[in-house]
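A.B. asks: sequence and predicted structure, then a few things I'm wondering about:
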Amino acid sequence: QIPSDNSTPPQDACAISPKAIVSDACASYSTLERLNRNVKPALDELVQTTDFFSHYRVNLFHKKCPFWDDENGICGNVACAVETLDNEEDIPLVWRAKELGKLEGPRARHPGKVVQKREPVRPLQGSLGEGVGESCVVEYDDECDERDYCVPEDESASSKGDYVSLLRNPERFTGYAGDGAKSVWDAVYRENCFQKSSFPNSASLGMGTSLKGPAAMDFKAVLDAAGRQQVLAQQREHNPLTPFVANTGLEAEDECLEKRVFYRVISGMHASISTHLCWDFLNQTTGKWQPNMKCYKARLHGFPDRISNLYFNYALLTRAITKLGPYLTKQQGYTFCTGDPSQDAETRAKVMAVTEKASSVPQIFDESLMFKNGEGPSLKEDFRNRFRNVSRLMDCVGCDKCRLWGKLQTAGYGTALKVLFEFDNNDDPQVPVLKRTELVALFNTYARLSSSLTAIQKFRTMVDGENGNAKLEEEQDTPAQQINVVSGRGRTPHAAVPAPSGSAVAAPEDPALEKKHNDDDKEEQHHHRKSGAELEVERIIKLIKFILASWVKFPMVAWGIISSETTRLVQFYLGLPVNPRNWTMRMPRVDEL
Ligand SMILES: Cc1cc2nc3c(=O)[nH]c(=O)nc-3n(C[C@H](O)[C@H](O)[C@H](O)COP(=O)(O)OP(=O)(O)OC[C@H]3O[C@@H](n4cnc5c(N)ncnc54)[C@H](O)[C@@H]3O)c2cc1C
């Protein structure tokens, strides 16, 4: 086991629990963040510069939501996704949710077998653009296997799906919200029965059990669910549409708790989606793409469990990628581009850069401890069924881009679980075990998590900055108090993600941030040693400097205002959409002096 940065966990505490990651110090937040800093450049290079990993084949438009339709009153179609702004018609078309959610860039239909044979090098005949190495993009093998955790994309015979560019369709804010989105998330959590409140008796389960430790309890819970799955399987014989997880009356005996690994994966995926939409957020009134702190605070900052699940997923995917490494990077292991040996070699080298860096932290997640008891096969079946269920739910997402990334990420986690739980380390690494779609989904999901981790860290720094400013203002507003107070560490704790309860892990610490905080502390201590008169003089000097600087800047500011207002006036006069005002008048803040 790896020692964490902050404490060395007891050997067996880590040994029993994949859950121990993040929450119990097998791999602390900071270990994972350090790993991410190391892997991310290679991972970004892989998913952004190779044709293989930047195109995804997906059936986005020919699948019906299998769980409900408009007649049931729960609407998942784009037409009834409620938009975030009431007055959407007042804002330019390009900023509206309907536009933001649309797929962009070229699309290519999956070529039939005849075309594949006739045009082995250019099976898509340039439809994705001339420079695209098509033999790196097209998926030749359509067969599914029974080890799949997610609904194979080619399940429906009617459509083989389209190839789309992931670079042209980044996962970001789309404005998809309201009842449509809510129904899907509700169904993901409810249908899989992970809401504690649904099963008030469940909390008492596990009492008196000989199993100890969170992971053992997880396994017991999943084990108990196996009985329920049998009932559902029988029901499904009569009614094929019976959900994979539904109320059977056995719930009271089923510790259907959020503790389960499955729940963490789903919640971590949800947290990652939220992170991206908050980080790459469109202000629909100004048209500016920028991080949205309010969004981050509302969805993530106050929910350390969600962030912990995100980190958990990062560890889980790191392990899956590491496990796949030897197979993918072996010379005769996997062919990425059948018709272009040089691109094939280049792609393999980039994959190797990722897998090598990802394996720099050994034993980050020990999957061999799962599904170990006599009922292993039925537990795996339960997991698979849950994942298929969630995959199918993605067809109910009413926004193309969200559906694309929702499908890709469920497929990515499905592939990770398949790699972790279905493949033995002894499996012959020569056997081509994974489909192209699965590999693309796996590495892109890993890249999503990687950028989520980075965005969360940046958000945390921003919150710290905000808190620091607020504190400074507060202190400067009350000078009498300020001079008398003997300073402790005069900053808000920068650990915006409190360690989960019972955890030995402190929240992450960025060395640069730490240095900045130390400098801040020194400055603050120095500040407190000054007398009141000295402080007043210092402030007056600052004020004079501020006024002089304002006079110098005034011509430029005035010119900016006049030209912006003139443009707005002309736009108004010509009947064009009027730019939002880009200046305001306000009093200077104390910290600006
Ligand atoms: C599959 C899918 C993909 C999407 N992709 C995008 C996208 O790319 N861009 C975009 O702008 N919008 C996307 N959306 C919509 C987005 O996720 C939200 O649903 C939407 O922004 C409305 O947010 P909300 O504040 O109502 O809460 P939601 O995010 O809809 O959450 C609903 C409820 O779930 C619970 N919850 C929230 N987060 C977690 C968590 N991490 N773990 C456990 N419980 C949680 C909370 O109780 C919350 O009230 C997607 C939706 C779905 C279903």
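C.D. replies: That came in fine, so what should we check first? For clarity, every value in this text was computed on a predicted model and none was experimentally measured.
A.B. asks: now Leu303: how far from Gly560?
C.D. replies: Residue 303: Phe, not Leu. From Phe303 across to Gly560, the span is 40 Å (CB to CB, to the nearest Å). Backbone N, C-alpha and C define where each C-beta goes, glycine included.
A.B. asks: which parts of this structure sit against the ligand?
C.D. replies: Contact residues of the chain with respect to the ligand, defined by CB under 6 Å from any ligand atom, are listed as 171, 173-174, 176-177, 181-182, 184-185, 267, 270-271, 273-274, 277, 299, 306, 394, 397, 401-402, 405-406.
A.B. asks: quick check: ChimeraX command selecting the buried ones in these.
C.D. replies: Per 16 or more other CB atoms under 10 Å, the buried members of the residues of the chain next to the ligand correspond to this ChimeraX selection:
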select :171,173,174,176,177,181,184,267,270,271,273,274,277,299,306,394,397,401,402,405,406
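A.B. asks: assign the closest residue in space to Pro123 that isn't next to it in sequence to helix, strand or coil.
C.D. replies: Counting by CB to CB, 6 or more residues apart in numbering, Pro111 is the residue found nearest to Pro123 once chain neighbours are left out, at 4.4 Å. Following DSSP: H, G, I helix; E, B strand; the rest coil, we place Pro111 in the coil state.
A.B. asks: got the contact list for Pro111?
C.D. replies: Counting by CB atoms under 8 Å, 6 or more residues apart in numbering, Pro111 makes contact with 119, 123-124, 138.
A.B. asks: ramachandran angles for it?
C.D. replies: phi -70, psi 150 (degrees, to the nearest 10).
A.B. asks: kindly report the same for the one 10 residues further on.
C.D. replies: The phi/psi pair for Val121 (degrees, to the nearest 10) reads phi -90, psi -30.
A.B. asks: and it, what pLDDT?
C.D. replies: Here, the pLDDT recorded for Val121 equals 78.
A.B. asks: can you check the one 3 residues further on too?
C.D. replies: Confidence at Leu124, expressed as pLDDT, is 88.
A.B. asks: Tyr292 contacts His276, doesn't it?
C.D. replies: To be clear, residue 292 is Asn; Tyr isn't right here. No: applying CB atoms under 8 Å, one finds Asn292 not in contact with His276, separated by 11.3 Å.
A.B. asks: circling back to that earlier point, of the residues of the chain next to the ligand, which belong to helices?
C.D. replies: Mapping the residues of the chain next to the ligand onto helices (DSSP state H) picks out 181-182, 184-185, 267, 270-271, 273-274, 277, 306, 401-402, 405-406.
A.B. asks: CSV for the contacts of Pro111, including distance to Arg37?
C.D. replies: Shown next, in CSV, are these (distance: CB to CB, whole Å):
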residue, distance to Arg37
Glu119, 43
Pro123, 39
Leu124, 37
Val138, 35
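A.B. asks: could you dump the residues you listed into TSV with secondary structure and distance to Phe387 added?
C.D. replies: Compiled in TSV, these are given as follows (DSSP: H, G, I helix; E, B strand; the rest coil; distance: CB to CB, whole Å):
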residue	secondary structure	distance to Phe387
Glu119	coil	35
Pro123	coil	30
Leu124	coil	30
Val138	coil	26
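A.B. asks: of those residues - the most surrounded one?
C.D. replies: Across the contacts of Pro111, neighbour numbers were computed from other CB atoms under 10 Å; Val138 holds the maximum, 25 neighbours.
A.B. asks: tell me how far the closest residue to it other than its chain neighbours lies from Ser135.
C.D. replies: Counting by CB to CB, 6+ apart, the nearest residue to Val138 once its immediate chain neighbours are dropped is Pro123, at 4.8 Å. Using CB to CB, one obtains 7 Å as the distance from Pro123 to Ser135.
A.B. asks: just Thr275 next, same as before
C.D. replies: Noted for Thr275: a distance of 35 Å to Ser135, by CB to CB.
A.B. asks: Ala533 too?
C.D. replies: When Ala533 is compared with Ser135 (using CB to CB), they lie 78 Å apart.
A.B. asks: which one's more surrounded, the two?
C.D. replies: Under the neighbour definition other CB under 10 Å, Ala533 and Ser135 were set side by side, and Ser135 has more, 23 against 8.
A.B. asks: does that one belong to a helix, a strand or coil?
C.D. replies: helix.
A.B. asks: contacts only, for the residue of the stretch 451-593 of the chain at minimum distance from the ligand.
C.D. replies: Here the stretch 451-593 of the chain gets closest to the ligand at one residue, Ser452, 10.9 Å apart by CB to the nearest ligand atom. When contacts are counted by CB under 8 Å, 6+ apart, Ser452 is found next to 271-272, 275-276, 310.
A.B. asks: mind doing that once more with 10 Å?
C.D. replies: By CB atoms under 10 Å, 6 or more residues apart in numbering, the residues touching Ser452 are 36, 171, 268-269, 271-276, 279, 300, 307, 310-311, 313-314.
A.B. asks: among these, which ones are buried?
C.D. replies: Burial by neighbour count, judged by 16+ other CB under 10 Å, picks out 36, 171, 268-269, 271-276, 279, 300, 307, 310-311, 313-314 from the contacts of Ser452.
A.B. asks: picking up where we left off before, which residues are in contact with each of Asn292 and His276?
C.D. replies: With CB under 10 Å, 6+ apart applied, the overlap between the contact sets of Asn292 and His276 consists of Phe173.
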